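*Asks:* sequence unknown, structure follows:
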């Protein structure tokens, strides 16, 4: 509850900055604000779940904090700053971040999260979740690998002077890795093999690899 109160105070201050800003391009700031509000709602949901001993609600709130707040905010910031930082360090690179790419990033993360939540909390049967994962998450993974290369992943790995930029690029690559792991796990479900499932590995790839 204290977290929700603190985030609300910060959110009100940030919303005031966004509203009064003279900048023409406020897309990223507005995107952050939307997902920040979702984070406040998730914190309140967590508190209400504890108060009423509804621990399935608590579990859902934890997932929502990750996939409706922290992860989409981080990809929004990545879309804003990663091409800019790369072009500053690699002079041959031209910043490239059309708005539809931001939509792809956010949609990929939210879809990945929604399917993870549906599977973990038994909101849908395993095969339906697996089919949807292969149909949506797998293609997004390939698209984000192509995006990482377009943003200068290879160029960032050329020389010690680019280590800071390289670190950001390597972190970003963990998003398509996480999605690919989820797609592979979905394939195991559909093939009904005896191979061990990946468990929380896709989540760990996203949170520890990308967010961390």
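*Replies:* Here it is on my side, so go on. Remember, it's a predicted structure, so these values are computed and weren't measured experimentally.
*Asks:* please make it C-alpha for all contacts and neighbour counts, starting now.
*Replies:* OK.
*Asks:* after the one helix or strand residue 138 maps to comes which helix or strand?
*Replies:* Residue 138 belongs to helix 138-150 when assigned by DSSP states H and E. Per DSSP H and E, the first helix or strand lying C-terminal to helix 138-150 is helix 153-156.
*Asks:* packing partners of that next one?
*Replies:* Where contact means 3 or more Cα pairs under 8 Å, 6 or more residues apart in numbering; DSSP states H and E, helix 153-156 is packed against helix 163-191.
*Asks:* buried sites along the helix it packs on?
*Replies:* Buried residues in helix 163-191, counted by 16 or more other Cα atoms under 10 Å: 165-166, 168-189.
*Asks:* state the mean pLDDT of it.
*Replies:* Per-residue pLDDT over helix 163-191 has a mean of 91.
*Asks:* packing partners of whichever helix or strand comes after it?
*Replies:* Once the chain leaves helix 163-191, the next helix or strand it forms, by DSSP H and E, is helix 201-204. Where contact means 3+ Cα pairs under 8 Å, 6+ apart, helix 201-204 is packed against helix 163-191.
*Asks:* which residue is nearest the centroid of the protein?
*Replies:* Nearest to the geometric centre of the chain sits residue 71, at 3.3 Å (Cα atoms, centre = their mean).
*Asks:* hang on, isn't it packed against residue 109?
*Replies:* Yes: look at residue 71 against residue 109 with Cα atoms under 8 Å: they come within range, at 7.0 Å.
*Asks:* can you list contacts of the lowest-mean-pLDDT helix or strand in the chain?
*Replies:* Every helix and strand of the chain was ranked by mean pLDDT, DSSP states H and E. The lowest is helix 153-156, at a mean of 86. The contact list for helix 153-156 (Cα atoms under 8 Å, 6 or more residues apart in numbering) reads 86, 90, 162, 163, 165, 166, 169, 170.
*Asks:* what's around the second one, how many residues?
*Replies:* Read that as residue 90. Residue 90 has 16 neighbouring residues, counting by other Cα atoms under 10 Å.
*Asks:* state the phi and psi torsions of it.
*Replies:* With angles defined as degrees, to the nearest 10, residue 90 sits at phi -110, psi 100.
*Asks:* hmm, back to that, between helix 163-191 and the host helix or strand of the residue nearest to the centre of the chain, find me the angle.
*Replies:* Taking DSSP H and E as the criterion, residue 71 maps to helix 71-89. Here helix 71-89 runs at an angle of 140 degrees relative to helix 163-191 (axes from the mean of the first three to the mean of the last three Cα atoms, to 10 degrees).
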